[in-house]
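Asks: heads up, no residue letters with this:
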(Lines give C-alpha, C1' and ligand atoms only; values in the text may rest on other atoms or scores of the structure.)
Protein backbone atom coordinates (compact mmCIF):
# COMPACT_ATOMS: atom_id res chain seq x y z
CA UNK A 1 0.00 0.00 0.00
CA UNK A 2 1.07 3.60 -0.67
CA UNK A 3 1.40 4.64 3.00
CA UNK A 4 3.18 1.48 4.18
CA UNK A 5 6.77 2.59 3.57
CA UNK A 6 6.75 5.54 5.98
CA UNK A 7 4.37 3.95 8.48
CA UNK A 8 6.54 0.86 8.90
CA UNK A 9 9.74 2.89 8.93
CA UNK A 10 8.34 4.93 11.82
CA UNK A 11 6.90 1.92 13.70
CA UNK A 12 9.93 -0.37 13.52
CA UNK A 13 13.41 0.83 14.51
CA UNK A 14 14.80 -2.27 12.77
CA UNK A 15 14.12 -0.52 9.45
CA UNK A 16 16.92 1.87 8.53
CA UNK A 17 15.49 3.08 5.23
CA UNK A 18 12.36 2.50 3.14
CA UNK A 19 11.55 3.28 -0.49
CA UNK A 20 8.85 2.57 -3.05
CA UNK A 21 8.76 1.82 -6.76
CA UNK A 22 5.74 1.99 -9.02
CA UNK A 23 6.73 0.40 -12.30
CA UNK A 24 4.73 1.09 -15.45
CA UNK A 25 4.99 -0.13 -19.01
CA UNK A 26 7.27 1.26 -21.68
CA UNK A 27 6.99 5.02 -22.05
CA UNK A 28 6.75 7.16 -25.20
CA UNK A 29 8.54 10.49 -24.75
CA UNK A 30 7.84 13.59 -26.79
CA UNK A 31 10.99 15.68 -27.13
CA UNK A 32 11.37 19.41 -27.63
CA UNK A 33 12.26 18.87 -31.30
CA UNK A 34 8.97 16.95 -31.82
CA UNK A 35 10.71 13.58 -31.91
CA UNK A 36 8.99 10.59 -30.29
CA UNK A 37 11.25 8.12 -28.44
CA UNK A 38 10.24 4.90 -26.75
CA UNK A 39 11.89 4.20 -23.38
CA UNK A 40 11.66 0.61 -22.09
CA UNK A 41 10.86 0.00 -18.43
CA UNK A 42 9.86 3.13 -16.54
CA UNK A 43 9.07 3.52 -12.84
CA UNK A 44 8.16 6.23 -10.37
CA UNK A 45 10.48 6.03 -7.34
CA UNK A 46 11.11 7.72 -4.01
CA UNK A 47 14.37 9.61 -3.66
CA UNK A 48 15.49 7.07 -1.03
CA UNK A 49 15.92 4.50 -3.82
CA UNK A 50 19.24 6.11 -4.74
CA UNK A 51 20.51 5.69 -1.18
CA UNK A 52 19.34 2.10 -0.98
CA UNK A 53 20.64 0.82 -4.33
CA UNK A 54 23.97 1.37 -6.07
CA UNK A 55 23.49 3.69 -9.04
CA UNK A 56 26.57 5.05 -10.81
CA UNK A 57 26.10 8.71 -11.75
CA UNK A 58 27.40 9.74 -15.18
CA UNK A 59 26.05 13.28 -15.47
CA UNK A 60 23.95 15.75 -13.49
CA UNK A 61 22.47 14.66 -10.17
CA UNK A 62 20.40 11.58 -9.32
CA UNK A 63 17.67 13.61 -7.67
CA UNK A 64 13.94 13.12 -8.20
CA UNK A 65 12.82 14.66 -4.94
CA UNK A 66 11.00 17.46 -6.76
CA UNK A 67 7.84 16.85 -8.82
CA UNK A 68 8.14 16.44 -12.58
CA UNK A 69 11.80 15.40 -12.53
CA UNK A 70 13.36 12.27 -13.99
CA UNK A 71 16.73 10.57 -14.28
CA UNK A 72 17.59 8.32 -17.21
CA UNK A 73 19.96 5.50 -18.02
CA UNK A 74 23.02 5.87 -20.21
CA UNK A 75 21.45 3.99 -23.14
CA UNK A 76 18.29 6.12 -22.88
CA UNK A 77 20.35 9.33 -22.84
CA UNK A 78 22.14 8.28 -26.02
CA UNK A 79 18.76 7.85 -27.75
CA UNK A 80 17.60 11.29 -26.60
CA UNK A 81 20.29 14.00 -26.63
CA UNK A 82 23.53 12.39 -25.45
CA UNK A 83 24.83 11.60 -21.96
CA UNK A 84 25.95 15.05 -20.83
CA UNK A 85 23.66 16.95 -23.19
CA UNK A 86 20.48 15.34 -21.74
CA UNK A 87 20.83 17.05 -18.34
CA UNK A 88 18.45 20.00 -18.06
CA UNK A 89 16.41 19.05 -21.14
CA UNK A 90 12.62 18.63 -20.97
CA UNK A 91 10.53 15.71 -22.19
CA UNK A 92 6.78 15.16 -22.16
CA UNK A 93 4.74 12.07 -21.32
CA UNK A 94 1.32 11.57 -19.75
CA UNK A 95 0.64 15.16 -20.89
CA UNK A 96 3.15 16.47 -18.34
CA UNK A 97 6.59 17.99 -18.88
CA UNK A 98 9.52 16.53 -16.95
CA UNK A 99 13.08 17.80 -16.56
CA UNK A 100 16.01 15.42 -16.85
CA UNK A 101 18.12 15.92 -13.73
CA UNK A 102 20.76 13.24 -14.24
CA UNK A 103 22.06 10.20 -16.10
CA UNK A 104 23.07 6.91 -14.47
CA UNK A 105 25.08 4.03 -15.84
CA UNK A 106 23.02 1.20 -17.31
CA UNK A 107 21.96 -1.21 -14.59
CA UNK A 108 23.96 -4.49 -14.69
CA UNK A 109 22.35 -7.61 -16.10
CA UNK A 110 22.49 -9.47 -12.77
CA UNK A 111 19.92 -7.20 -11.14
CA UNK A 112 16.23 -7.85 -10.66
CA UNK A 113 15.15 -4.56 -12.31
CA UNK A 114 16.47 -2.72 -15.38
CA UNK A 115 14.71 0.62 -15.64
CA UNK A 116 15.60 2.93 -18.50
CA UNK A 117 14.02 5.91 -16.76
CA UNK A 118 13.03 6.78 -13.18
CA UNK A 119 10.60 9.56 -12.29
CA UNK A 120 9.73 11.46 -9.13
CA UNK A 121 7.18 9.59 -7.04
CA UNK A 122 5.58 12.90 -6.04
CA UNK A 123 4.45 13.25 -9.68
CA UNK A 124 2.24 10.17 -9.29
CA UNK A 125 -1.01 11.14 -7.59
CA UNK A 126 -1.64 7.67 -6.15
CA UNK A 127 1.62 7.88 -4.20
CA UNK A 128 -0.10 10.30 -1.79
CA UNK A 129 -2.96 7.88 -1.09
CA UNK A 130 -3.67 6.90 2.51
CA UNK A 131 -5.60 3.80 1.42
CA UNK A 132 -4.33 0.53 2.91
CA UNK A 133 -6.54 -1.71 0.80
CA UNK A 134 -4.70 -1.20 -2.48
CA UNK A 135 -1.36 -2.86 -3.19
CA UNK A 136 0.13 -0.92 -6.08
CA UNK A 137 3.69 -0.28 -4.87
CA UNK A 138 6.82 -2.35 -4.47
CA UNK A 139 8.22 -1.44 -1.09
CA UNK A 140 11.86 -2.01 -0.17
CA UNK A 141 13.23 -1.97 3.37
CA UNK A 142 16.89 -1.62 4.23
CA UNK A 143 17.24 -3.28 7.63
CA UNK A 144 19.66 -2.36 10.36
CA UNK A 145 22.80 -4.47 10.60
CA UNK A 146 22.14 -7.81 12.31
CA UNK A 147 18.34 -7.70 12.10
CA UNK A 148 16.64 -11.05 11.45
CA UNK A 149 14.00 -10.35 8.79
CA UNK A 150 11.91 -13.34 9.90
CA UNK A 151 11.63 -11.92 13.42
CA UNK A 152 10.72 -8.52 11.97
CA UNK A 153 8.01 -10.15 9.88
CA UNK A 154 6.43 -11.57 13.04
CA UNK A 155 6.37 -8.06 14.52
CA UNK A 156 4.48 -6.77 11.50
CA UNK A 157 1.42 -8.72 12.61
CA UNK A 158 1.13 -6.66 15.79
CA UNK A 159 0.31 -3.42 13.98
CA UNK A 160 -2.10 -4.63 11.29
CA UNK A 161 -5.14 -3.71 13.44
CA UNK A 162 -3.78 -0.16 13.69
CA UNK A 163 -3.98 0.41 9.94
CA UNK A 164 -6.46 -2.11 8.55
CA UNK A 165 -9.03 -1.86 11.35
CA UNK A 166 -10.19 1.66 10.38
CA UNK A 167 -10.23 0.66 6.70
CA UNK A 168 -12.47 -2.33 7.40
CA UNK A 169 -14.84 -0.23 9.51
CA UNK A 170 -15.09 2.39 6.77
CA UNK A 171 -15.53 0.15 3.74
CA UNK A 172 -17.31 -2.93 5.03
CA UNK A 173 -18.73 -2.19 8.50
CA UNK A 174 -16.66 -5.11 9.82
CA UNK A 175 -14.45 -4.77 12.88
CA UNK A 176 -10.95 -6.17 12.96
CA UNK A 177 -12.07 -8.82 15.43
CA UNK A 178 -14.91 -9.94 13.17
CA UNK A 179 -12.55 -9.96 10.23
CA UNK A 180 -10.14 -12.33 12.02
CA UNK A 181 -12.96 -14.53 13.40
CA UNK A 182 -14.29 -15.04 9.88
CA UNK A 183 -10.99 -16.75 8.95
CA UNK A 184 -9.68 -13.79 6.96
CA UNK A 185 -6.23 -12.35 7.52
CA UNK A 186 -3.76 -9.69 6.40
CA UNK A 187 -0.05 -10.40 6.11
CA UNK A 188 2.91 -8.93 4.23
CA UNK A 189 5.98 -11.11 3.95
CA UNK A 190 9.55 -9.90 3.70
CA UNK A 191 11.62 -11.32 0.88
CA UNK A 192 15.43 -11.02 0.71
CA UNK A 193 16.45 -9.19 -2.45
CA UNK A 194 18.91 -11.89 -3.48
CA UNK A 195 16.18 -14.56 -3.32
CA UNK A 196 13.99 -12.91 -5.93
CA UNK A 197 15.61 -14.04 -9.16
CA UNK A 198 15.74 -17.79 -8.49
CA UNK A 199 13.23 -18.35 -5.68
CA UNK A 200 10.33 -15.99 -6.37
CA UNK A 201 7.28 -16.77 -8.49
CA UNK A 202 4.75 -14.16 -7.40
CA UNK A 203 2.15 -12.30 -9.41
CA UNK A 204 3.29 -9.13 -11.17
CA UNK A 205 7.04 -9.71 -10.88
CA UNK A 206 9.08 -6.79 -12.23
CA UNK A 207 10.76 -9.04 -14.78
CA UNK A 208 10.72 -12.68 -15.71
CA UNK A 209 12.75 -14.50 -13.09
CA UNK A 210 14.96 -17.54 -13.33
CA UNK A 211 14.17 -20.84 -11.65
CA UNK A 212 16.27 -22.76 -9.18
CA UNK A 213 14.46 -25.92 -10.30
CA UNK A 214 15.77 -25.37 -13.83
CA UNK A 215 19.29 -24.95 -12.49
CA UNK A 216 18.95 -28.28 -10.70
CA UNK A 217 17.49 -29.89 -13.83
CA UNK A 218 20.19 -28.70 -16.20
CA UNK A 219 22.84 -29.29 -13.56
CA UNK A 220 21.68 -32.90 -13.25
CA UNK A 221 21.75 -33.30 -17.03
CA UNK A 222 25.30 -31.91 -17.13
CA UNK A 223 26.32 -34.21 -14.28
CA UNK A 224 24.94 -37.23 -16.14
CA UNK A 225 26.90 -36.30 -19.25
CA UNK A 226 30.03 -35.88 -17.13
CA UNK A 227 29.48 -39.26 -15.48
CA UNK A 228 29.07 -40.90 -18.89
CA UNK A 229 32.31 -39.28 -20.06
CA UNK A 230 34.18 -40.44 -16.96
CA UNK A 231 32.90 -43.99 -17.35
CA UNK A 232 33.86 -43.98 -21.02
CA UNK A 233 37.37 -42.93 -20.03
CA UNK A 234 37.61 -45.71 -17.43
CA UNK A 235 36.35 -48.36 -19.84
CA UNK A 236 38.61 -47.24 -22.67
CA UNK A 237 41.60 -47.18 -20.32
CA UNK A 238 40.94 -50.69 -19.05
CA UNK A 239 40.09 -51.99 -22.54
CA UNK A 240 43.44 -50.70 -23.80
CA UNK A 241 45.22 -52.60 -21.06
CA UNK A 242 46.90 -54.79 -23.70
CA UNK A 243 48.99 -51.83 -24.83
CA UNK A 244 50.13 -51.04 -21.29
CA UNK A 245 50.51 -54.51 -19.76
CA UNK A 246 54.10 -55.13 -20.88
CA UNK A 247 55.06 -51.58 -19.88
CA UNK A 248 53.73 -52.22 -16.39
CA UNK A 249 55.42 -55.62 -16.23
CA UNK A 250 58.84 -54.30 -17.30
CA UNK A 251 58.70 -51.38 -14.88
CA UNK A 252 57.82 -53.65 -12.00
CA UNK A 253 60.68 -56.04 -12.91
CA UNK A 254 63.05 -53.08 -12.93
CA UNK A 255 61.95 -52.18 -9.39
CA UNK A 256 59.16 -49.67 -9.87
CA UNK A 257 56.72 -49.59 -6.99
CA UNK A 258 52.98 -49.84 -7.42
CA UNK A 259 52.53 -46.37 -5.93
CA UNK A 260 54.76 -44.90 -8.65
CA UNK A 261 52.65 -46.54 -11.33
CA UNK A 262 49.44 -45.31 -9.71
CA UNK A 263 50.81 -41.76 -9.62
CA UNK A 264 51.82 -41.98 -13.29
CA UNK A 265 48.38 -43.09 -14.44
CA UNK A 266 46.69 -40.48 -12.24
CA UNK A 267 48.84 -37.73 -13.76
CA UNK A 268 47.94 -38.97 -17.24
CA UNK A 269 44.26 -38.80 -16.30
CA UNK A 270 44.68 -35.28 -14.94
CA UNK A 271 46.43 -34.15 -18.13
CA UNK A 272 43.55 -35.56 -20.19
CA UNK A 273 41.05 -33.69 -18.02
CA UNK A 274 43.00 -30.42 -18.30
CA UNK A 275 43.25 -30.71 -22.10
CA UNK A 276 39.52 -31.51 -22.30
CA UNK A 277 38.71 -28.50 -20.08
CA UNK A 278 40.77 -26.19 -22.30
CA UNK A 279 39.05 -27.49 -25.44
CA UNK A 280 35.62 -27.18 -23.78
CA UNK A 281 36.28 -23.59 -22.64
CA UNK A 282 37.48 -22.61 -26.11
CA UNK A 283 34.41 -24.27 -27.65
CA UNK A 284 32.08 -22.35 -25.31
CA UNK A 285 33.86 -19.09 -26.14
CA UNK A 286 33.50 -19.69 -29.90
CA UNK A 287 29.92 -21.00 -29.91
CA UNK A 288 28.41 -18.72 -27.25
CA UNK A 289 27.45 -15.90 -29.70
CA UNK A 290 25.59 -18.42 -31.87
CA UNK A 291 23.90 -19.89 -28.78
CA UNK A 292 22.77 -16.40 -27.69
CA UNK A 293 21.37 -15.75 -31.15
CA UNK A 294 19.51 -19.08 -31.16
CA UNK A 295 18.00 -18.67 -27.66
CA UNK A 296 17.61 -14.86 -27.70
CA UNK A 297 19.77 -14.62 -24.57
CA UNK A 298 22.63 -12.34 -23.62
CA UNK A 299 24.94 -14.71 -21.77
CA UNK A 300 28.58 -13.72 -21.42
CA UNK A 301 31.44 -16.15 -21.02
CA UNK A 302 31.64 -16.50 -17.23
CA UNK A 303 35.15 -17.95 -17.05
CA UNK A 304 36.80 -14.66 -17.93
CA UNK A 305 34.64 -12.42 -15.78
CA UNK A 306 34.21 -14.28 -12.51
CA UNK A 307 37.37 -15.36 -10.68
CA UNK A 308 35.36 -17.43 -8.21
CA UNK A 309 33.78 -19.45 -11.02
CA UNK A 310 37.18 -19.82 -12.66
CA UNK A 311 38.53 -21.28 -9.41
CA UNK A 312 35.60 -23.68 -9.19
CA UNK A 313 36.22 -24.74 -12.82
CA UNK A 314 39.88 -25.55 -12.02
CA UNK A 315 38.88 -27.47 -8.90
CA UNK A 316 36.22 -29.36 -10.86
CA UNK A 317 38.70 -30.27 -13.59
CA UNK A 318 41.13 -31.69 -11.02
CA UNK A 319 38.35 -33.60 -9.26
CA UNK A 320 37.06 -35.13 -12.51
CA UNK A 321 40.58 -36.07 -13.54
CA UNK A 322 41.19 -37.85 -10.24
CA UNK A 323 37.82 -39.65 -10.18
CA UNK A 324 38.12 -40.77 -13.80
CA UNK A 325 41.67 -41.99 -13.34
CA UNK A 326 41.51 -43.74 -9.97
CA UNK A 327 40.03 -47.05 -11.19
CA UNK A 328 42.23 -47.42 -14.34
CA UNK A 329 45.29 -46.48 -12.27
CA UNK A 330 44.77 -49.22 -9.68
CA UNK A 331 43.59 -51.71 -12.30
CA UNK A 332 46.62 -51.28 -14.59
CA UNK A 333 49.10 -51.14 -11.72
CA UNK A 334 47.79 -54.46 -10.34
CA UNK A 335 49.17 -56.58 -13.21
CA UNK A 336 51.59 -59.28 -12.10
CA UNK A 337 54.86 -58.89 -14.01
CA UNK A 338 55.63 -62.61 -14.30
CA UNK A 339 52.33 -63.47 -15.98
CA UNK A 340 52.53 -60.45 -18.24
CA UNK A 341 56.05 -61.21 -19.46
CA UNK A 342 55.19 -64.91 -20.00
CA UNK A 343 52.18 -63.87 -22.04
CA UNK A 344 49.79 -65.67 -19.70
CA UNK A 345 47.67 -62.56 -19.08
CA UNK A 346 44.43 -62.70 -21.04
CA UNK A 347 44.19 -59.21 -22.46
CA UNK A 348 41.13 -57.37 -23.72
CA UNK A 349 38.60 -59.36 -21.66
CA UNK A 350 36.12 -57.96 -19.20
CA UNK A 351 37.64 -56.80 -15.96
CA UNK A 352 34.96 -58.24 -13.72
CA UNK A 353 32.08 -56.83 -11.77
CA UNK A 354 33.49 -53.29 -11.55
CA UNK A 355 33.56 -52.85 -15.29
CA UNK A 356 30.09 -54.37 -15.65
CA UNK A 357 28.81 -51.95 -13.04
CA UNK A 358 30.30 -49.00 -14.92
CA UNK A 359 28.71 -50.10 -18.19
CA UNK A 360 25.31 -50.48 -16.52
CA UNK A 361 25.62 -47.03 -14.90
CA UNK A 362 26.63 -45.51 -18.23
CA UNK A 363 23.67 -46.94 -20.11
CA UNK A 364 21.29 -46.03 -17.27
CA UNK A 365 22.41 -42.39 -17.37
CA UNK A 366 22.05 -42.36 -21.16
CA UNK A 367 18.52 -43.77 -20.98
CA UNK A 368 17.51 -41.19 -18.36
CA UNK A 369 18.83 -38.36 -20.55
CA UNK A 370 17.10 -39.68 -23.66
CA UNK A 371 13.83 -40.17 -21.79
CA UNK A 372 14.05 -36.64 -20.34
CA UNK A 373 14.76 -35.16 -23.77
CA UNK A 374 11.71 -36.94 -25.24
CA UNK A 375 9.43 -35.71 -22.42
CA UNK A 376 10.67 -32.12 -22.67
CA UNK A 377 10.32 -32.22 -26.45
CA UNK A 378 6.73 -33.40 -26.09
CA UNK A 379 5.97 -30.61 -23.60
CA UNK A 380 7.43 -27.94 -25.89
CA UNK A 381 5.44 -29.33 -28.82
CA UNK A 382 2.26 -29.18 -26.72
CA UNK A 383 2.94 -25.57 -25.70
CA UNK A 384 3.60 -24.51 -29.29
CA UNK A 385 0.59 -26.27 -30.81
CA UNK A 386 -2.06 -25.96 -28.07
CA UNK A 387 -5.12 -24.07 -29.28
CA UNK A 388 -5.47 -20.73 -27.48
CA UNK A 389 -8.98 -20.03 -28.70
CA UNK A 390 -7.79 -17.51 -31.29
CA UNK A 391 -5.32 -17.43 -34.17
CA UNK A 392 -2.39 -15.60 -32.66
CA UNK A 393 -0.76 -15.21 -36.09
CA UNK A 394 -3.80 -13.20 -37.20
CA UNK A 395 -3.84 -10.74 -34.28
CA UNK A 396 -1.87 -7.47 -34.28
CA UNK A 397 -1.36 -5.50 -31.05
CA UNK A 398 -0.51 -1.80 -31.16
CA UNK A 399 0.82 -0.57 -27.84
CA UNK A 400 0.92 2.94 -26.38
CA UNK A 401 -2.15 4.04 -28.34
CA UNK A 402 -2.96 6.40 -25.45
CA UNK A 403 -0.65 8.82 -27.27
CA UNK A 404 -3.47 9.43 -29.80
CA UNK A 405 -5.71 10.96 -27.16
CA UNK A 406 -9.22 11.63 -28.45
CA UNK A 407 -8.20 10.54 -31.96
CA UNK A 408 -8.04 6.88 -31.02
CA UNK A 409 -11.67 6.15 -32.05
CA UNK A 410 -11.08 7.64 -35.49
CA UNK A 411 -7.90 5.60 -35.84
CA UNK A 412 -9.73 2.43 -34.83
CA UNK A 413 -12.46 3.08 -37.38
CA UNK A 414 -9.89 3.70 -40.11
CA UNK A 415 -8.09 0.44 -39.32
CA UNK A 416 -11.38 -1.47 -39.35
CA UNK A 417 -12.06 -0.26 -42.90
CA UNK A 418 -8.77 -1.69 -44.18
CA UNK A 419 -9.01 -4.78 -46.43
CA UNK A 420 -8.24 -7.96 -44.51
CA UNK A 421 -9.19 -6.52 -41.10
CA UNK A 422 -12.11 -8.38 -39.52
CA UNK A 423 -12.51 -6.32 -36.37
CA UNK A 424 -10.73 -4.01 -33.94
CA UNK A 425 -10.96 -3.15 -30.28
CA UNK A 426 -9.15 -1.08 -27.67
CA UNK A 427 -8.25 -2.00 -24.11
CA UNK A 428 -6.35 -0.44 -21.26
CA UNK A 429 -4.51 -3.72 -20.61
CA UNK A 430 -4.24 -7.18 -22.13
CA UNK A 431 -6.29 -9.96 -20.53
CA UNK A 432 -3.28 -12.30 -20.84
CA UNK A 433 -1.12 -10.29 -18.44
CA UNK A 434 -0.11 -6.83 -17.39
CA UNK A 435 0.58 -4.91 -14.25
CA UNK A 436 -2.70 -3.64 -12.82
CA UNK A 437 -3.86 -2.58 -9.38
CA UNK A 438 -4.26 -5.24 -6.73
CA UNK A 439 -6.90 -4.94 -4.02
CA UNK A 440 -7.93 -7.52 -1.41
CA UNK A 441 -11.42 -8.90 -1.00
CA UNK A 442 -13.21 -7.80 2.17
CA UNK A 443 -16.25 -9.52 3.72
CA UNK A 444 -19.52 -7.78 4.38
CA UNK A 445 -21.01 -7.74 7.87
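Replies: Thanks, I have it. Just so it is clear, the model here is predicted, and its values are computed rather than measured.

Asks: only C-alpha atoms for contact and neighbour calcs from this point on.
Replies: Will do.

Asks: which residues of the protein fall in helices?
Replies: Along the chain, counting by DSSP state H, helices occupy 4-11, 49-52, 74-80, 149-156, 160-172, 176-181, 196-199, 212-239, 241-253, 258-295, 307-332, 337-342, 353-385, 408-416.

Asks: Need these in a markdown table (columns: distance to residue 129).
Replies: Shown next, in a markdown table, are the helices of the chain (distance: least, C-alpha to C-alpha, whole Å):
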| stretch | distance to residue 129 |
| --- | --- |
| helix 4-11 | 10 |
| helix 49-52 | 19 |
| helix 74-80 | 30 |
| helix 149-156 | 21 |
| helix 160-172 | 13 |
| helix 176-181 | 21 |
| helix 196-199 | 27 |
| helix 212-239 | 37 |
| helix 241-253 | 80 |
| helix 258-295 | 43 |
| helix 307-332 | 46 |
| helix 337-342 | 89 |
| helix 353-385 | 42 |
| helix 408-416 | 30 |
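
Asks: I'd like to know which of those is closest to residue 43.
Replies: helix 49-52 (11.4 Å; C-alpha to C-alpha).

Asks: where does the stretch 201-350 of the chain dip in pLDDT?
Replies: Within the stretch 201-350 of the chain, the stretches with pLDDT under 70 are 238-256, 301-306, 331-350.

Asks: and with 90 instead?
Replies: For the stretch 201-350 of the chain, the stretches with pLDDT under 90 are 201-211, 214-215, 217-270, 272-273, 276-277, 280-350.

Asks: How about the stretch 51-200 of the chain?
Replies: The model of the stretch 51-200 of the chain has pLDDT under 90 over residues 93-96, 108-112, 124-126, 130-136, 165-176, 178-179, 182-187, 189, 200.

Asks: follow-up on the earlier one: looking at the helices of the chain, which is closest to residue 31?
Replies: Closest approach to residue 31 among the helices of the chain is made by helix 74-80 (7.9 Å; C-alpha to C-alpha).

Asks: Would you mind listing the buried residues in that closest one?
Replies: 74, 75, 76, 77, 80 (16 or more other C-alpha atoms under 10 Å).

Asks: What of stretch 259-278?
Replies: 261-263, 265-270, 272-274, 277.

Asks: Of the helices of the chain, which stretch is the most buried?
Replies: Among the helices of the chain, helix 74-80 has the highest mean neighbour count (mean count of other C-alpha atoms under 10 Å), at a mean of 19.

Asks: Check which helices and strands it is in contact with.
Replies: strand 36-39, strand 96-104 (3 or more C-alpha pairs under 8 Å, 6 or more residues apart in numbering; DSSP states H and E).

Asks: Let me know which of these is the nearest to residue 409.
Replies: Minimum separation from residue 409 across those (C-alpha to C-alpha) falls at strand 36-39, 21.2 Å.

Asks: what pLDDT, on average, does that closest one get?
Replies: Throughout strand 36-39, pLDDT has a mean value of 87.

Asks: and the gap between residue 196 and residue 4?
Replies: Distance, residue 196 to residue 4, using C-alpha to C-alpha, to the nearest Å: 21 Å.

Asks: How many residues are close by the residue nearest to residue 147 when sequence neighbours are not counted?
Replies: Distance criterion C-alpha to C-alpha, 6 or more residues apart in numbering; nearest residue to residue 147, sequence neighbours excluded, is residue 14 at 6.5 Å. Close neighbours of residue 14, defined as other C-alpha atoms under 10 Å, add up to 19.

Asks: Need the phi and psi values for the spatially most central residue of the chain.
Replies: Most central in the chain under C-alpha atoms, centre = their mean is residue 210, positioned 3.4 Å from the mean C-alpha point. Residue 210 adopts backbone torsions of phi -80, psi -170, taken as degrees, to the nearest 10.

Asks: wait, what's in contact with the nearest residue to it once chain neighbours are set aside?
Replies: Leaving aside its chain neighbours, residue 210 sits nearest to residue 198 (4.9 Å; criterion: C-alpha to C-alpha, 6+ apart). The contact partners of residue 198, taken as C-alpha atoms under 8 Å, 6 or more residues apart in numbering, are 209, 210, 211, 212.

Asks: Could you do residue 83 as well?
Replies: Here residue 83 is in contact with 58, 59, 74, 77, 103 (criterion: C-alpha under 8 Å, 6+ apart).

Asks: could you redo the last one with a cut-off of 6 Å?
Replies: Counting by C-alpha atoms under 6 Å, 6 or more residues apart in numbering, residue 83 makes contact with residue 77.

Asks: What of residue 79?
Replies: Taking C-alpha under 6 Å, 6+ apart as the definition, residue 79 has no contacts.

Asks: Apply 8 Å and report the result again.
Replies: Contacts of residue 79 (C-alpha under 8 Å, 6+ apart): residue 37.
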